[in-house]
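# give the three-dimensional model of this entry:
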Amino acid sequence: MIGASDLPRVNLDFTEQPPIPEAGIRRAGELMASGRLFRYGETGAAGSDVAGLEDDFATLVGRRFCVAFNSCGASLAAALMAIGVERDEPVLMNAFTLAPVPGAVVHAGGAPVFVGTTPDYRIDLDDLGSAAERSGARILLLSHMRGHVADMDRVGEATGALGLVVVEDCAHTMGAGWRGRPTGTFGTVGCFSTQTFKHANSGEGGLLVTDDEDVAARAVLLSGSYMLYAQHGASPDEVVMERHRLTTPNLSMRMSALAAAVVRPQLGLLAERAVVWNARYDLLADLLDADPRIRIPIRPDGEEPVASSIQFTVDGMDAGAMASWVDLATEHGVHIKWFGRDEPVGFTSRYDHWRYADEQVLHTTSAVLAGLCDLRIPLSMTEDHCRDVVAVVRGALDRVSG
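Residues are numbered from 1 along each chain as shown. Below is the predicted model:
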């Protein structure tokens, strides 16, 4: 057994981000010097940074249309509104997700209905059928939570059989895919995040993609286009916009010019960043999996992740011991998010904390979340950092269970 005094100290900021590319810094400076920071312009609006980002991202994922929002949560809410969610309509969603996702359902006027989670942190397709039948829901908001992509072939079969419209929450899967096809292109709509802690960093932001011209038109108008929708990038033709311009509210949720300027040059870095993230994930997973108390999720054949974080399950410890272990790891510089706490902490909460939704009890999911742990993988993490992190994780387990 390793004593606490024997554990290494990990000197790593798990929230550290790479610098904004020089092109983004330069363009942001030009915008500030001009003072033209609003998302539209009555004059001089040509070459909008947000419209350029929309064009670039639509091309990157292979979708016809893209609309940029001020957050991924806003894009999810707009997606639901654009496909016609009705007041208090049930919307199916993963029980294992983060608070902005049920928040988006409520923002759109719907009612969250939670679907169970497997031990590998993906949506339980058997429970999906039960939840759909029980609730009568016609919409699934599918989260690729923390970058874990479900078997999208099976998801497509299940949702097709159930007649579900799918919106994909791709907040953790920009650049990821399933059998060569990008996430966000399996459902009617896909929504991505450019929050600081995701794969491209604008501070906060969201990108909605779709091939449905009517959904795209409503999303453009919902984002806050006024009658200036021609200034959007990858957006529908004028005749499509005409169908919706007088019946769709302006919710003022469009991404800012500064956010678009700093995130746009990062799109070209996604592939090389993915190589680093995935290499660090693989090393951490191998080292953690060597401990019989720790379970690493099985990643299905066909998944093409961009693993900017790692999740694992600790078995056989009660809540008190888990809390002591997390605290000891924190003292040694390893910041673990644990989904088993009775109360939400920081960004981490779970389905039974969201009391604005109808109460549900999902025993299997609750058992999964009780031991589920989450650790960021910053791009600055080295192989030596990985080894020290695992030494702290495993050594702290020795200490609290000894």
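# show me the helices in the stretch 251-400 of the chain, by range?
Using DSSP state H, counting those that start in this stretch, the helices found in the stretch 251-400 of the chain span residues 257-263, 270-289, 319-331, 363-370, 383-401.
# how far away is residue 372 from residue 340?
Using CB to CB, to the nearest Å, one obtains 7 Å as the distance from residue 372 to residue 340. Every residue, glycine included, has its C-beta placed from N, CA and C.
# neighbour count winner among those two?
Legend: neighbour count by other CB atoms under 10 Å for residue 372 and residue 340, higher for residue 372 (25 against 22).
# the more buried one and residue 148, how far apart?
Note on residue 372: its distance to residue 148, by CB to CB, is 11 Å.
# excluding chain neighbours, what is closest to residue 342?
Once flanking residues are discounted, residue 342 sits nearest to residue 319: 7.5 Å by CB to CB, 6 or more residues apart in numbering.
# could you say which of the helices of the stretch 251-400 of the chain is packed most deeply?
helix 257-263 (a mean of 25; mean count of other CB atoms under 10 Å).
# by contact count, what packs against that helix?
The helices and strands touching helix 257-263, judged by 3 or more CB pairs under 8 Å, 6 or more residues apart in numbering; DSSP states H and E, are helix 22-34, helix 49-61.
# got TSV for those, with mean neighbour count too?
Listed next are the helices and strands packed on helix 257-263 as TSV, based on neighbours: other CB atoms under 10 Å:
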stretch	mean neighbour count
helix 22-34	14
helix 49-61	22
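# residue 279: which of these is closest?
helix 49-61 (22.3 Å; CB to CB).
# chain center to that closest one: distance?
From the chain centre to the centre of helix 49-61 is a distance of 19 Å (CA atoms, centre = their mean, to the nearest Å).
# which residues are in contact with the helix or strand following that helix?
Sequence order places strand 65-69 as the next helix or strand after helix 49-61, per DSSP states H and E. The contact list for strand 65-69 (CB atoms under 8 Å, 6 or more residues apart in numbering) reads 50, 53-55, 57-58, 75, 78, 205-213, 215-216, 219-220, 223, 232-236, 253-255, 260.
# go with 6 Å
Contact with strand 65-69 is made by 50, 53-54, 57-58, 75, 206-210, 216, 219-220, 223, 234, 253, 255, as judged by CB atoms under 6 Å, 6 or more residues apart in numbering.
# burial of residue 35, as a residue count?
7.
# cool, the one 3 residues further on as well?
Residues near residue 38, counting by other CB under 10 Å, number 11.
# excluding covalently adjacent residues, which one is nearest to it?
Leaving aside its chain neighbours, residue 38 sits nearest to residue 257 (7.4 Å; criterion: CB to CB, 6+ apart).
# domains of this structure?
With domains defined by automatic domain parsing, the chain comprises 22-268, 269-401.
# from the chain's centroid, how far away is the last one?
Looking back up the chat, that one is domain 269-401. 16 Å.
# can you give me the strands in the stretch 101-250 of the chain?
Using DSSP state E, counting those that start in this stretch, the strands of the stretch 101-250 of the chain run over 111-115, 139-143, 165-170, 177-178, 181-182, 189-193, 206-210.
# hmm, who's touching stretch 216-232?
With CB under 6 Å, 6+ apart as the criterion, stretch 216-232 contacts 40, 45, 48, 51, 65, 67, 69, 78, 81-82, 208, 210, 235-236, 240-241, 244, 248, 250-254.
# any weak-confidence spans in the protein?
Along the chain, segments meeting pLDDT under 70 span 1-5, 42-46, 402.
# centroid-nearest residue for it?
Geometric centre of the chain, nearest residue: residue 171, 2.1 Å, by CA atoms, centre = their mean.
# residue contacts, it?
So residue 171 contacts 72, 193 (CB under 6 Å, 6+ apart).
# pull up the gap between it and residue 234, please.
In this view, residue 171 and residue 234 are 20 Å apart by CB to CB.
# you'd agree residue 115 is up against residue 127?
Yes - here residue 115 lies in contact with residue 127, judged by CB atoms under 6 Å, at a distance of 5.4 Å.
# those two: which is more packed in?
Applying other CB under 10 Å to residue 115 and residue 127 shows that residue 115 carries more neighbours, namely 30 against 20.
# what are the bridge partners for that one, then?
According to DSSP bridges, the partner residues bridging residue 115 are residue 94.
# does residue 309 have beta-bridge partners, and which?
Beta-bridge partners for residue 309, by DSSP bridges, are residue 376.
# number of nearby residues for it?
By the criterion of other CB under 10 Å, residue 309 has 18 neighbours.
# pretty sure it contacts residue 378?
No - counting by CB under 6 Å, residue 309 stays clear of residue 378, with 9.7 Å between them.
# apart from its neighbours in sequence, what residue is nearest residue 304?
residue 177 (4.2 Å).
# the contacts of stretch 216-232, buried ones only, as a ChimeraX selection?
Remark: buried members of the contacts of stretch 216-232, expressed as a ChimeraX selection using 16 or more other CB atoms under 10 Å:
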select :40,48,51,65,67,69,78,81,82,208,210,235,236,240,241,244,248,251,253,254
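# one step back: compare the strands of the stretch 101-250 of the chain and report which one is nearest to residue 349.
When these are ranked by proximity to residue 349, the top entry is strand 111-115, at 12.8 Å, counting by CB to CB.
# put the alpha carbons of that closest one into PDB.
Output in PDB follows, covering the C-alpha atoms of strand 111-115 (Å, rounded to 0.1, in the frame of the first residue of the first chain):
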ATOM      1  CA  ALA A 111     -40.300  18.400 -20.500                       C
ATOM      2  CA  PRO A 112     -37.100  16.300 -20.000                       C
ATOM      3  CA  VAL A 113     -37.700  12.500 -19.900                       C
ATOM      4  CA  PHE A 114     -34.500  10.700 -18.900                       C
ATOM      5  CA  VAL A 115     -33.300   7.600 -20.600                       C
END
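# that one: how far from the chain's middle?
Strand 111-115 sits 17 Å away from the centroid of its parent chain (CA atoms, centre = their mean).
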